[in-house]
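1. from the sequence below, what's the structure:
(one chain, ligands or ions: 3)
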Amino acid sequence: MRVAVLLEDRCQPKKCNSECWAFCPPVRNGIECIVLDDGSGKPNVSEPLCIGCGICVSKCPFDALIITNLPGELEGEMTYRYGENGFRLFRLPAPREEKVVGILGPNGMGKSTAINLLSGAIRPNLGDWTSNSKAWTEILSSFPRGELRDYLALVSEEEVTVAVKPQYVDKLPEIFDGLVKELLDRVDERSEAASYAEALTIDHILERDLQSLSGGELQRVAICATLLKEADVYFFDEPSSYLDIHERMRIVRIIQDLAERGKRAIVVEHDLAILDVLCDLIHVVYGERAAYGIFTPARSTRTAINAYLDGFLPEENIRIRDKPIQFLKGRVRGEGLGQALLRWGDMEKTLGEFELTTGEGQVRSAEVVGIVGPNSTGKTTMVRMIAGEMEPDQGWCTMDSEVSYKPQHVSTDFEGTVMEWMDSEIGVSWRSGEFHTQVIRTLQIDQLLELRAKKLSGGELQAVSIAICLGKEADLYLFDEPSAFLDANARMEAAKAIRRTMESNEKAAMVIDHDTYFIDIVSDSLLVFQGEGGKHGHAVGPLSLRKGMNLFLSDVDVTFRRDIESHRPRINKPSSRKDREQKAAGEYFYAN
Ligand code: ADP
Ligand code: ADP
Ligand code: MG
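-> Numbers count the residues shown, from 1 in each chain. Ligands and ions are numbered 1, 2, ... in the order given. Predicted coordinates for the structure are as follows:
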C-alpha cells in the first residue's frame, strides 16, 4: 500500500516552481497523478496513480513530500486519517482499568491523535477523511472484540472523561496567568490539592507566580493539576522531563496509586528505566514520522522494551532499527584512559543562598564522566566554571584544554537552515566521513538540514545542538542534560555517539543527565552530586561507575538489577527480595 503525505507546514508553493508537479513522470505523460490546488497551489498526490518513483520527493526544495510504502498487512486497521495526503494512524492503545499502560516510540507518530480519539475529542474515521461523524456501530464493529472495543463503547456513550498532562509544560504560563494555588484550586474537584501538593513537593511554591517557576517545578504543578481532575482516564505525556531521579520515582508511585484506585493511566515516557518500573503493559508505536503510525498490541513491559531495544518486533515481523542498542554487563571501564585533560581542586562558589564545593578531581583523555545528582545542587554551576563561563570564588581548575560546551537550555536565533547553521558553527567537514555516518545519520539530523533552525522542535534542536558541540575541535566536551526532549531511541544514539567520538579521538567528555540508561551507556566514571537543592551542593569523584552508582543510588534508595537477556538495568520493586538483598550488600547497581 503506497502512502503519499504532504507536510503542510513545509510546503511553500509561493517560493518554489511546483517542481513536484513539473517533474512527475506520469504528469508529463498526461496522467493526473499530481494536481495543484487552484487556491493554495499545494499539490494533491493521487496514491493510486503514483508510481513511487520518488522524483517529487527529491525535487521539492522544502522536503515537504513523503512517498513511502506501508509495511505488512494493515488492511482495515486504519483508525484515523487527517486528509487525502495526511497523516494516518493504525490501531489504538487500550486504556485498562487499574493499569498503567505505557506508550513507547518516537514523537510525531500519532500519540496525541490517539489520545484525542480515546477521549472522544475526535471520532475514528477509519481512513475516510471526508466523514468525521461515522456511525458508532460501524466504528465499533471494525475493532476486534476486547478491551479496546469495550472502552470505545463507553466513549461512544460519552461516558468517559480524560485528564491530560501535556508534553510541553513550559507553555503553561502562557495559558494560565496567576499563582500556583489559583491554578490548583480551579481544578481541585475532590479537595485534594494540599495532599497532592505535598506528595509532589510543591507545597512551598503555592504562593508563587506560574511565570517564575523552573521547568521541574512547572512539570510537578502540571502533574498535580492533572491528578486533581476527576476523570476515568489519566494521560501523562512525558511526565519525567526536567525532573531528577528522586522526583521521577515519586511520580512513579503517584501514578501507580492512581491505577490502584481503579483509574486507567496512559503514559508516554522516554526514560526507559522509569517506563519499565511504572507500567503494567506497553504498546510500542512505530512508523514514519508525520506519515503514518502503527500501535502494536499491548505486551508485557519487559518484552516490549527488550524488543524495542533489540530493534525487531517479532509479532509484527518488523525491524524498527538497523542495529540493536546494547548494554554491556559488568564491563570493566576506565581501561585505556590516558593523560589528565582537566584537573580541579576544592572549587567553591556561592550564588545567592546557594553554596557549592567540588573537592578534587580529574578527567583523563578517552574518559566520559557521567554527572548525576538531585536538581539544584550545582551541577550546571560546576560545568560552567569548567567551561570558563563563571569564576570560582575559591580553589582552582586547569584551563589549558580547549572546551566545547552544550548548555542545559538550548536555543538559537540563527536566521537560516540547519545546514547553514551547522556550516557556520563547525565548517563543512561534518557533511561527510565518519562524523556524518556516526553522528549526523544516527541522530537523524540529515532529515532536518533544509529546515529553518529557528523552527526546530525541542527534540530536533537538542539533537542538532549535540552534533554541533561534538563537531567542534576541542579536548573536552561538556554536555548539560543532552537527553532532554529526545525520544528513547535518540537518547541511546546520542549516548553512543558521544562515547564513540571520545574513544576514537582520545578526547574527554562530562555529561550531566537524569536518564539512567543514558548514563549507563555513556559513562566510564561518575561525578556524584549530593546536598540539599537550592542550599548547598558537593561533588564527589569522579568515582568508578560501580562506586559512583552505589553512592548515588543509596541516596535515591533505589536498586537496579540487570535484565538477563538485554543486560539493560531494571529498577527493583521497592522491598522486593532482590531490593532488600542488594541494599544489605551495598550493591545498588551491579548485582545480578
Ligand atoms: P505525536 O503526539 O506522536 O507527536 P501527533 O498525533 O501530534 O503525534 O501527530 C502525528 C502527525 O499527525 C503529525 O505529523 C501531524 O503533522 C499530524 N497532525 C496532527 N494533528 C493534525 C491536524 N489537526 N491536521 C492534520 N494533521 C495533523
Ligand atoms: P543543577 O544543575 O544541579 O540543577 P544549578 O547549578 O543550576 O543546579 O543551580 C544550583 C543552585 O544555584 C540553584 O538553587 C540555583 O537557583 C542557584 N543559582 C544558579 N545560578 C544562579 C545565579 N546566577 N544567581 C543566583 N542563584 C543561582
Ligand atoms: Mg542543571
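2. from here on, just use CA atoms for contacts and neighbour counts.
-> Noted.
3. for this protein, longest strand please?
-> When the chain is parsed with DSSP state E, its longest strand is strand 340-351.
4. how is this structure carved up into domains?
-> Domain assignment for the chain, taken from automatic domain parsing, gives 2-69, 76-309, 340-543, 557-592.
5. output the ones you listed in JSON lines, with mean neighbour count and distance to Arg319 appended to each entry.
-> Shown next, in JSON lines, are these (neighbours: other Cα atoms under 10 Å; distance: least, Cα to Cα, whole Å):
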{"stretch": "domain 2-69", "mean neighbour count": "17", "distance to Arg319": "14"}
{"stretch": "domain 76-309", "mean neighbour count": "19", "distance to Arg319": "9"}
{"stretch": "domain 340-543", "mean neighbour count": "19", "distance to Arg319": "14"}
{"stretch": "domain 557-592", "mean neighbour count": "17", "distance to Arg319": "17"}
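6. for Ile320, find the nearest of these.
-> Closest to Ile320 of these, according to Cα to Cα: domain 76-309, at 7.2 Å.
7. next one: Asp128 from Asn69, what distance?
-> To Asn69, Asp128 is 19 Å away according to Cα to Cα, to the nearest Å.
8. quick check: residues of the stretch 251-400 of the chain near ligand 1?
-> Ala290 (Cα under 6 Å from any ligand atom).
9. measure the residue sitting nearest the centre point of the chain to Tyr292 for me?
-> What sits nearest the mean C-alpha location of the chain, by Cα atoms, centre = their mean, is Asp487, with 3.0 Å. From Asp487 across to Tyr292, the span is 17 Å (Cα to Cα).
10. which other helices and strands does the top helix by length along the chain contact?
-> Longest helix in the chain by number of residues, with DSSP state H as the criterion: helix 488-505. Helix 488-505 sits against helix 458-471, strand 508-512, helix 516-522, with contacts defined as 3 or more Cα pairs under 8 Å, 6 or more residues apart in numbering; DSSP states H and E.
11. what's the shortest one in contact with?
-> It refers to strand 508-512. For strand 508-512, the external contacting residues (Cα atoms under 8 Å, 6 or more residues apart in numbering) are 341, 363-372, 379, 475-482, 498, 502.
12. redo that, cut-off 7 Å
-> For strand 508-512, the surrounding residues in contact (Cα atoms under 7 Å, 6 or more residues apart in numbering) are 364-372, 475-481, 502.
13. and it, how far from the chain's centre?
-> Here the centre of strand 508-512 is set off from its chain's centre by 20 Å, with Cα atoms, centre = their mean, to the nearest Å.
14. now do that strand against helix 488-505, angle only.
-> Strand 508-512 runs at 160 degrees relative to helix 488-505, counting by axes from the mean of the first three to the mean of the last three Cα atoms, to 10 degrees.
15. use 64 as the first number from now on
-> With the count now opening at 64, the last piece we talked about shows up as strand 571-575.
16. strand 571-575 vs ligand 2: in contact?
-> No - using Cα under 6 Å from any ligand atom, strand 571-575 stays clear of ligand 2, with a minimum separation of 8.1 Å.
17. can you show me the CA trace of that strand as PDB?
-> Extracted in PDB, the C-alpha atoms of strand 571-575 (Å, rounded to 0.1, in the frame of the first residue of the first chain):
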ATOM      1  CA  ALA A 571      37.100  13.600  27.100                       C
ATOM      2  CA  ALA A 572      33.600  14.400  28.000                       C
ATOM      3  CA  MET A 573      31.500  15.300  31.000                       C
ATOM      4  CA  VAL A 574      27.800  14.600  30.700                       C
ATOM      5  CA  ILE A 575      25.100  15.700  33.200                       C
END
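18. now do the end-to-end distance for stretch 158-178.
-> 10 Å.
19. gap between that stretch and the chain center?
-> 14 Å.
20. about what we covered before: tell me how far the residue nearest to the centre of the chain lies from ligand 2.
-> Distance, Asp550 to ligand 2, using Cα to the nearest ligand atom, to the nearest Å: 21 Å.
21. could you pull up phi and psi at that residue?
-> phi -80, psi 170 (degrees, to the nearest 10).
22. what of Ile318?
-> Residue torsions, per degrees, to the nearest 10, at Ile318 are phi -70, psi -40.
23. the longest helix of the chain to helix 521-534, inter-axis angle?
-> 0 degrees.
24. close to ligand 1, is helix 551-568?
-> No - taking Cα under 6 Å from any ligand atom as the criterion, helix 551-568 and ligand 1 are apart, separated by no less than 13.1 Å.
25. so which of the contacts of strand 571-575 are in strands?
-> Going by DSSP E, the strands hold 427, 431-435, 539-543 from the contacts of strand 571-575.
26. dump those residues to JSON lines, plus pLDDT and distance to Leu321.
-> Below are the ones in strands among the contacts of strand 571-575 laid out as JSON lines (pLDDT from 0 to 100; distance: Cα to Cα, whole Å):
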{"residue": "Arg427", "pLDDT": "90", "distance to Leu321": "47"}
{"residue": "Val431", "pLDDT": "93", "distance to Leu321": "39"}
{"residue": "Val432", "pLDDT": "95", "distance to Leu321": "37"}
{"residue": "Gly433", "pLDDT": "95", "distance to Leu321": "34"}
{"residue": "Ile434", "pLDDT": "96", "distance to Leu321": "33"}
{"residue": "Val435", "pLDDT": "95", "distance to Leu321": "29"}
{"residue": "Leu539", "pLDDT": "94", "distance to Leu321": "45"}
{"residue": "Tyr540", "pLDDT": "96", "distance to Leu321": "42"}
{"residue": "Leu541", "pLDDT": "96", "distance to Leu321": "39"}
{"residue": "Phe542", "pLDDT": "96", "distance to Leu321": "36"}
{"residue": "Asp543", "pLDDT": "93", "distance to Leu321": "33"}
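27. looking at those residues, spot the one nearest Gln471.
-> Distances from Gln471 to the ones in strands among the contacts of strand 571-575, taken by Cα to Cα, are shortest for Asp543, at 4.6 Å.
28. ligand 1 versus the closest one, what's the distance?
-> Counting by Cα to the nearest ligand atom - Asp543 and ligand 1 are separated by 24 Å.
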